[in-house]
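**Student:** model this:
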Amino acid sequence: MAPLPRIISYGYRQPVLASKRGIVITAVILAGITGASFLAWLPGGGGGASNQATFVISDHKEYLDSVRNIHEVLTESTAIEFEMLLDGEITAAEYARSSETTSTQTAMQIREFITSKPPEEWQESYILYGEALRSFNTYVAETQAVASLIKEGGLDGISDAHLRESLQRTESLLSESDEYVKRSDAARPPA
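**Tutor:** Take a look at the predicted model:
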């Protein structure tokens, strides 16, 4: 099999060299952030019949910056682990476990966005950032599909054309997510 193209880019992020220890530390930090974010959920609806929650935000800029920081860490760690999968440094099963955690954390961030109810001047920026998170979550799902193919037949069992097509889709989704982030930044209200 010909060498795999390295089309994974980091957009506005700098490439990071990672060790397994670094990835584990990152995962622990993200788990802590995720756990802490659950503390901000409050019961919603005063009628008692509602099981929905409302995410209360007092500083919309700070919250969006925080979500962006988490998103950047998730993006970098996923891209690094995906590259490690393609290089044979981790197994498809290891990647699947890690990417499932990332997908769950991203889905939680999306739910927070849906329930945050920003004021009108922040709505467009929040909607665009929500789209960035959705594109990223689709990217993670696409990398999971590649991992599944690798698990079934190994890298040698995947045709070069099929793998290149899948890698191009992942790159496209990551670029789409980056573009939504830029549009969200541009839509922020003036300070």
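**Student:** switch to C-alpha atoms for all contacts and neighbour counts from now on
**Tutor:** Noted.
**Student:** just name the shakiest helix or strand of the protein by mean pLDDT.
**Tutor:** One helix or strand of the chain scores below all others by mean pLDDT, DSSP states H and E: strand 41-43, with a mean of 42.
**Student:** surely Phe113 meets Ser125?
**Tutor:** No: contact between Phe113 and Ser125 fails when scored by C-alpha atoms under 8 Å: they sit 10.8 Å apart.
**Student:** out of these two, which sits in the busier spot?
**Tutor:** More neighbours surround Ser125 than the other of Phe113 and Ser125, with 24 against 21 (other C-alpha atoms under 10 Å).
**Student:** for that one, list the residues it contacts.
**Tutor:** Neighbouring residues of Ser125 by C-alpha atoms under 8 Å, 6 or more residues apart in numbering: 183-188.
**Student:** backbone torsions only: list them for it.
**Tutor:** Note on Ser125: backbone dihedrals following degrees, to the nearest 10 are phi -60, psi -40.
**Student:** state the number of residues packed around Tyr129.
**Tutor:** Look at Tyr129: counted by other C-alpha under 10 Å, it has 27 neighbours.
**Student:** name the element it belongs to?
**Tutor:** In this assignment (DSSP states H and E), Tyr129 forms part of helix 120-153.
**Student:** and that helix, which residues are buried?
**Tutor:** 122-144, 146-150 (16 or more other C-alpha atoms under 10 Å).
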